[in-house]
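> Just need the structure, nothing else, for what follows:
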Amino acid sequence: MNIVVVLGVIITLLTGLPVLLQLMRNHPRGLIVLFFAEMWERFSYYGMRGILIFYLTQHLLFDDDVANAQYGSYTSLVYLLPLIGGILADRYLGTRKAVAFGALLLVAGHLAMAVEGEPTRETLAYAGQTYEVSLEGRMDDRQVRLMVEGDAYSFGPADGGGLEIVGLPASAPLPAVLPAGSYEMVKTVDPVGVNVFYLAVSLIILGVGFLKPNISTIVGQLYPQGDPRRDSGFTLYYYGINLGAFWASVLCGLLGQHFGWGYGFGLAGIGMALGWIVFVLGKPLLEGKGEPPNPELLTKPVVGPVNREWLIYLSTIPAIGAVWWLVQRNAVVGWVLSVAIILSLIIIAYVILKVCQTKVERQRMMLATILIFGSVVFWTLFEQAGTSLNLFAARNVDLSVTDGATSFLGIPMGSPEQLAAAGVATDTWWSWIDARFAAAQVQSFNAGFILIFAPIFAALWAFLGRRGLDPDPTMKFGLGMLQAGLGFMVVVWSAGLADDSFRVPLMVLGLLYLLHTTGELFLSPVGLSEITKLSLASVVSFMMAVWFLSSAIAQYVGGWIAGLAGTETLGGQVLDPSAALQSSLEVFQMLGYWGLAAGAVFIVLSFFIKGWAHGVESGHGPAPEPTAPTLDGERQAVNPQTLRDDRQP
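You can find the predicted model right below:
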């Protein structure tokens, strides 16, 4: 048994039973449908996210900088496409049809990811001869050897540059030390496998575009305006989001590492298929919510016998081709985002200077813009989880929980080596607990901490709110960024704890994720909700689009920054673990300083601009009705009362 699975069961039982009881007793039955549908959708997304960077670097053998940039392009588009999906749902499809169609695209995309294809092969060419690189295992179990005359040899960096082959006999056809420039590494790529991968991520991007901005909207539609259950309903829904993310990281990472990429990605696809089934079968429980705004318009033929609904569905075929082309071109994605940023800032400036009629409106708009800038900083730091932090976990973290064989509830626990040394048999999987994390399973820290700490923070915000001590949005953003930066600094300060293999203890990474999670709980509860309340009524939708654009920017910039932490690899394995540790620490230190500095700026700024909301938090003055969340930014804000009832999904 895997220790993360054991702990996951305990956490789920302790936190999930109260949630299930509330779902069954106090809320519309449709919320149960949406809860499980969104839980499985997040399961599929985070299942893929947890192992994607390893797939890119170890199966496709992308260099670190290329893999991180590719990851950034993918996640940026995941945040951009929902803007289009939301518009199509609002004007034509309705949210229910959009969610169902998006779920089908996601099922197809995730199952296509399970088609591994042939892994990229790498060979060493020297003096007219080629030598195969043997690739075995995945993630932190990765073993790479150089095959010379039928024998496998380890290798590493040579003094002064180049490659040193460990234990190579003098009679071998090549020297043990190959100077830099004397050899060449040649990669042989399976074009079918690579193109299937890009097709899969294109389907996933489009699927998220249809599903994500619409399923949360249906949650809000289940409750009449002013229904006091609405906020707690979003809180329960948010729990489902994190439950799916948690178990995806636990199970998909475990299967991907120990059984194969296809198993990890395939489980994510099965999860999404279950979500689709729950959603379709649960249609009667939605009480007619989420239906098309104009059914007659939707069924009216547009091109020959093809009506508007099917025209939208069929239009995804050329859209898949466009996304397939775009996701492979990181630079083009960057240009698109840059143009979008410039245009957005121009429009915001025009609204503030020309459209706003009063000082109150101008200051509210300026405060919303400042919060958007803050969100870019925070999510850029936070979203290193899927890239640089994931690779760091596999390469420079000791993923063992115990130092030696021990027991848990009377069951032997430890690594196979530790238990063997203690004379404990490990012949059957259920008779012992494997006290090691798979590298991708560290992604479960964030969602697991949220399941534990969200109720605590909800009580904290309620306690402070009753006494008028609840921090203003800018202060919360500053404290959130401060904790994100501090999380990186914890890793930097722990460098002295690294062992002889240049691996730091697992608890260091756990503390980083704890600080990132508490930072998220400071910042996310105000996110999108503040934008909807502070923005001028005539530009609320536009400002929501800019908020999600900021998330796309954070993903893109985060991918580029993660590339800076990369190091030289051969066969997906680092040549020099010491250099890999140093490279990661340098980037983490930079990110830590940025987070601390940005947090300090926002905290100081809060004392000067805290009045810019002009009573919007307390309900004084006109403000647009808060809307349901559309993306979990991941897990963006629901409504500041949701978990302060104040929490975001």
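> how many neighbours does Arg229 have?
Counted with other CB atoms under 10 Å, the neighbours of Arg229 add up to 16. Every residue, glycine included, has its C-beta placed from N, CA and C.
> ok, it - contacts?
Asn26, His27, Tyr223 (CB atoms under 8 Å, 6 or more residues apart in numbering).
> can you tell me how far the nearest residue to the last one once chain neighbours are set aside sits from Asn330?
Just to be clear, that refers to Tyr223. Spatial nearest neighbour of Tyr223, chain neighbours left out: Arg230 (4.0 Å); criterion: CB to CB, 6 or more residues apart in numbering. The spacing between Arg230 and Asn330, counted by CB to CB, to the nearest Å, is 41 Å.
> cool, Ala37 as well?
Distance from Ala37 to Asn330, by CB to CB: 32 Å.
> the more surrounded of those two?
Just comparing Ala37 and Asn330: by other CB under 10 Å the higher neighbour count belongs to Ala37, 27 against 23.
> and the contacts of Arg229, which are buried?
His27, Tyr223 (16 or more other CB atoms under 10 Å).
> Report the lowest-confidence entry in the contacts of Arg229.
pLDDT across those is at its lowest for Asn26, which sits at 77.
> So Gln257: helix, strand or coil?
Put simply, Gln257 is helix when judged by DSSP: H, G, I helix; E, B strand; the rest coil.
> ignore the last one, Glu118
Three-state assignment for Glu118 (three-state DSSP): coil.
> now it, nearest residue through space, not along the chain?
Asp190 (3.8 Å).
> Please give me every residue in contact with that neighbour.
Contacts of Asp190 (CB under 8 Å, 6+ apart): Gly117, Glu118, Pro119, Thr120.
> Show me which positions of the longest helix belonging to the chain end up buried.
The longest helix of the chain (DSSP state H) is helix 577-609. With burial defined by 16+ other CB under 10 Å, the residues of helix 577-609 counted as buried are 577, 580-581, 583-585, 587-589, 591-592, 594-596, 598-599, 602-603, 605-606, 609.
> follow-up on the earlier one: reformat the contacts of Arg229 as JSON lines; add secondary structure.
Formatted as JSON lines, the contacts of Arg229 follow (three-state DSSP):
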{"residue": "Asn26", "secondary structure": "helix"}
{"residue": "His27", "secondary structure": "coil"}
{"residue": "Tyr223", "secondary structure": "coil"}
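> can I assume Ser407 sits in a strand?
Yes - remark: Ser407 belongs to a strand, assigned using three-state DSSP.
> ok, for it, nearest residue in space, not its chain neighbours?
Excluding the flanking residues, the one nearest Ser407 by CB to CB, 6+ apart is Met413, at 5.7 Å.
> Next secondary structure after the one helix or strand that neighbour maps to?
Using DSSP states H and E, Met413 maps to strand 411-414. Following strand 411-414 in sequence order, the next helix or strand is helix 416-421 (DSSP H and E).
> Quick one: mean pLDDT over the longest strand anywhere in the chain.
The strand that spans the most residues within the chain, counting by DSSP state E, is strand 129-136. Per-residue pLDDT values over strand 129-136 give a mean of 91.
> And it, what does it pack against?
strand 121-126, strand 143-148 (3 or more CB pairs under 8 Å, 6 or more residues apart in numbering; DSSP states H and E).
> Tell me where the model's unsure across the stretch 501-649 of the chain.
Confidence mapping of the stretch 501-649 of the chain against pLDDT under 70 gives the ranges 525, 528-529, 541, 616-649.
> make it 90
Scanning the stretch 501-649 of the chain for pLDDT under 90 picks out the ranges 521-552, 566-576, 609-649.
> All the strands of it, residue numbers only.
Along the stretch 501-649 of the chain, counting by DSSP state E, counting those that start in this stretch, strands occupy 504-505, 569-570, 573-574.
> One more: the stretch 301-450 of the chain?
301-303, 306-307, 397-398, 406-408, 411-414, 433-434.
> Could I get those in CSV, plus columns for distance to Gly209, mean neighbour count and mean pLDDT?
What follows is the strands of the stretch 301-450 of the chain, written out as CSV (distance: least, CB to CB, whole Å; neighbours: other CB atoms under 10 Å; pLDDT from 0 to 100):
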stretch, distance to Gly209, mean neighbour count, mean pLDDT
strand 301-303, 21, 11, 85
strand 306-307, 21, 14, 88
strand 397-398, 34, 22, 93
strand 406-408, 44, 15, 85
strand 411-414, 44, 20, 87
strand 433-434, 39, 24, 87
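> Buried ones in stretch 142-156, by neighbour count?
Per 16+ other CB under 10 Å, stretch 142-156 contains these buried residues: Arg142, Val144, Arg145, Leu146, Val148, Tyr153, Phe155.
> Outside of that stretch itself, list whatever touches it.
For stretch 142-156, contacts defined as CB under 8 Å, 6+ apart pick out 58, 124, 131-137, 163-168, 172-174, 394, 570-573, 575-576.
> export it as CSV, just CAs?
The C-alpha coordinates for stretch 142-156 follow below in CSV (Å, rounded to 0.1, in the frame of the first residue of the first chain):
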residue,chain,number,x,y,z
ARG,A,142,14.2,7.0,-14.0
GLN,A,143,17.3,5.0,-14.8
VAL,A,144,19.4,6.0,-17.8
ARG,A,145,22.5,4.0,-19.0
LEU,A,146,24.7,4.0,-22.0
MET,A,147,24.9,0.7,-23.8
VAL,A,148,28.5,-0.3,-24.9
GLU,A,149,29.0,-3.7,-26.4
GLY,A,150,25.9,-5.1,-24.8
ASP,A,151,26.7,-3.8,-21.3
ALA,A,152,25.0,-0.8,-19.5
TYR,A,153,27.1,1.9,-17.9
SER,A,154,26.3,4.9,-15.8
PHE,A,155,27.6,8.3,-16.8
GLY,A,156,28.0,11.8,-15.5
